[in-house]
Every structure is written in C-alpha cells, then in structure tokens.
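sequence? don't have it. structure:
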DNA sequence: AAATATTATTTGTATGTACAAACAATATTT
DNA sequence: AAATATTGTTTGTACATACAAATAATATTT
C-alpha cells in the first residue's frame, strides 16, 4: 500500500478503502501500548463503559455484524479480558479485572489516536471529514 | 453492520472503516453483473488497460501490498482470466481472451457504481468527499 | 570478478470481517 | 395450549488483506 497517485483515486470505493487501511494501521499503532489491536481495544472500551452489555448492542456501537462481534468476544474471553453470561436467549458481556485495569491505558491510546490524525490533517479538516464520512454512511 | 448512531462516530477510524465496508458491499453489488467481486474486477480492468503490467505497478494502482496482489493474480489465473510471464526478476501480467471480452461489462459496472453513489450522495458532495478522503490518505 | 546491497515477487501464516445456516428462547397468533 | 413467527446469538465456512521471511534476479561497490 503506497502513497502514489492512482488512476482510480477519483473513485469513492477506492479512496474509502485506502483510507480505511491507513487508519487501521495508525490506530493499531496507537493501541499497541495496550497490547491490543484496534477492534479489541474498542470492544473492551465499550464493555468497560457498560458492563453487561449485549452483543447486539455492541454490534450497533461498533458497526459490525453480530457474528463478527461473537468472534471478537470469544477471543477476548480466551485472553481473559471478558466473560459471558447467558440470560435466556441473550448474553451479557462483562469485563474482567484485567480489562478494567486496562481501561485508562485504552482511553489514553484513543486520545493519542485522535491527536495524531487531527494534528496531521488539521483539527478543522479532520472534524469535517469525519462528519462527512459519517453522513455518507448514513445515506448509503 | 447497522446504520444506527454510534458513540464513536466522531472517530475517524470508526467512520472510515464503516464507509469502507458499506462501499465494498455496494461495489460488489454493482460488479455482480461481471461475475466478479470488486477487487478482481479492478484488477482485470487495470490489466486489460495495460497488458504486461507488473505486480509492483498494480500494487501502486490498487493501493494494495504486493503480496495481496500476488494472491489476487493467482486466483484470476486459476479462473483463466490472467496469465503470468516471468521476465528476469519481474513478472508480466496479461489478460486472457476471456478477460478482454469482459472488459466492457466491467466498465459498465464501474460506471453504474459511480452513478449509484453519486445519485444518493449528490454529485457535488460525493466528488468533494472523494477528494477529501484522497487528500487525507496522502497526508497520513 | 567477488562480495554486497537492492529490488521484484512469492510463500507461509495470521487477522478481521461477513454471509448463511443453525440454534435457542421468547412473543404472537390462532 | 399449540403452532408460528420473531429475535438474539453462535457456528461453519469463506474471503480480502497484510506482515515477515524466503527466493531470485539485478545493480553497486570494493
């Protein structure tokens, strides 16, 4: 993945994918201080901030499919960061002690991520860009 | 992946990934008339427009890593759309007859993709958004 | 000319994500 | 109350992508 001009850079599919790959890399880089990659860090952040949250709600928050969320939770369970409790047909997800202790570090990494891209892109531009992208996802 | 408001929608990492997933889905949907998913269709388009192109250049055009490009080419070779010719340490990639015949259909799908999102988002907005996203990828 | 560095490509392996089908529990209709 | 539909979650399987290491060819230095 290189930063050269592509003939296809006027295609939204292309640009969106390229940005996503770059952002994921930067994000993983910042979350490295937590020992987790982005998705897992976000998952933990969400569960820490609402212990007992259900997979469905997590999937809305994370904008991922339920099956993906199940997979993420499973991994975090194995690594002893999360616990599941089945309640009827639903599942409640709780953070372990280990996850709770990591929370500040995760918030810190998240703040660093924000600072990093908004420094490079400019605060105003990155805010606007994020808003526009969000608007697009809502419309599409 | 649902269109609900997420607490994290002000994070560029989040928004960018969400957009990428949605765009990929739309794109695959449009390219369905070619019998290929987006990446393969783009690969074929690129090779059709420059027969003998080398993987490195493809990886720049597609903004993907060389290893990913190798994998894509391999698959298209199996499906009889592409052929590789080793020349020294480089590789030249050529379209087969089958690939050449598919070219108009691919261009058509690509045009449909463009029309689809620019109708939904508005021509001006989508043009600006694409440009801004591209600008961001260059800076990051 | 031999030794070393660089470049292009591929291979082994791993990750994140999704779809479709299965399952299991609850709610609704008859 | 039984039959049916809906909802929440998980499982089987597949795909796109990447990183790091391996390989192979060429270029540069000594």
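Great, that's in hand. Here the structure is a predicted model, which is why all the values come from computation and not from measurement. Residues are numbered from 1 along each chain as shown, chains lettered A, B, ... in the order given.

how about the residue nearest to residue A:66 when sequence neighbours are not counted, secondary structure?
Closest residue in space to residue A:66, ignoring its immediate chain neighbours: residue A:59 at 4.8 Å, by C-beta to C-beta, 6 or more residues apart in numbering or on different chains. C-betas here are computed from N, CA, C, even on glycine. Of the three states, residue A:59 takes helix under DSSP: H, G, I helix; E, B strand; the rest coil.

how many neighbours does residue A:59 have?
20 (other C-beta atoms under 10 Å in any protein chain shown).

cool, and residue A:96?
Counted with other C-beta under 10 Å, residue A:96 comes out at 17.

likewise residue A:13?
Neighbour tally, residue A:13, other C-beta under 10 Å: 26.

okay, and it sits in which element?
helix A:12-31 (DSSP states H and E).

could you do residue A:119 as well?
Residue A:119 belongs to helix A:97-121, assigned by DSSP H and E.

circling back: the helix holding residue A:13: what's the following helix or strand?
helix A:38-49.

whatever helix or strand residue A:138 lives in near DNA strand C at all?
Per DSSP H and E, residue A:138 falls inside helix A:123-139. No: using C-beta under 7 Å from any atom of the strand, helix A:123-139 never reaches DNA strand C; the gap is at least 11.5 Å.

now that helix: average pLDDT?
The pLDDT scores in helix A:123-139 average 93.

low-confidence ranges, chain A, go.
A:1-6 (pLDDT under 70).

what parts of it come near DNA strand D?
Residues of chain A lying near DNA strand D (C-beta under 7 Å from any atom of the strand): A:1, A:17, A:21, A:25, A:54-57, A:66-67, A:69-71, A:73-74, A:84, A:86, A:89-91.

now, which of the residues you listed lie within helices?
If you go by DSSP state H, these have A:17, A:21, A:25, A:55-57, A:66-67, A:69-71, A:73-74 in helices.

buried ones among those?
Neighbour counting over these (16 or more other C-beta atoms under 10 Å in any protein chain shown) leaves A:17, A:21, A:55, A:69, A:73 as the buried ones.

now the fourth one: how far from residue B:24?
Read that as residue A:69. 19 Å (C-beta to C-beta, to the nearest Å).

cool, and the second one?
When C-beta to C-beta is the yardstick, residue A:21 and residue B:24 sit 12 Å from each other.

tell me the contacts of the residue in chain A that chain B sits nearest to?
Relative to chain B, the nearest point of chain A is residue A:20 (3.5 Å; C-beta to the nearest C-beta). Counting by C-beta atoms under 8 Å, 6 or more residues apart in numbering or on different chains, residue A:20 touches B:16, B:17, B:19, B:20.

which two among those residues are spaced furthest apart?
B:17 and B:19 (7.3 Å; C-beta to C-beta).

the helix holding residue A:138 - contacts with which helices or strands?
helix A:97-121, helix B:12-31, helix B:97-121, helix B:123-139 (3 or more C-beta pairs under 8 Å, 6 or more residues apart in numbering or on different chains; DSSP states H and E).

what's the angle from that helix to helix B:123-139?
Angle, helix A:123-139 to helix B:123-139, by axes from the mean of the first three to the mean of the last three C-alpha atoms, to 10 degrees: 130 degrees.
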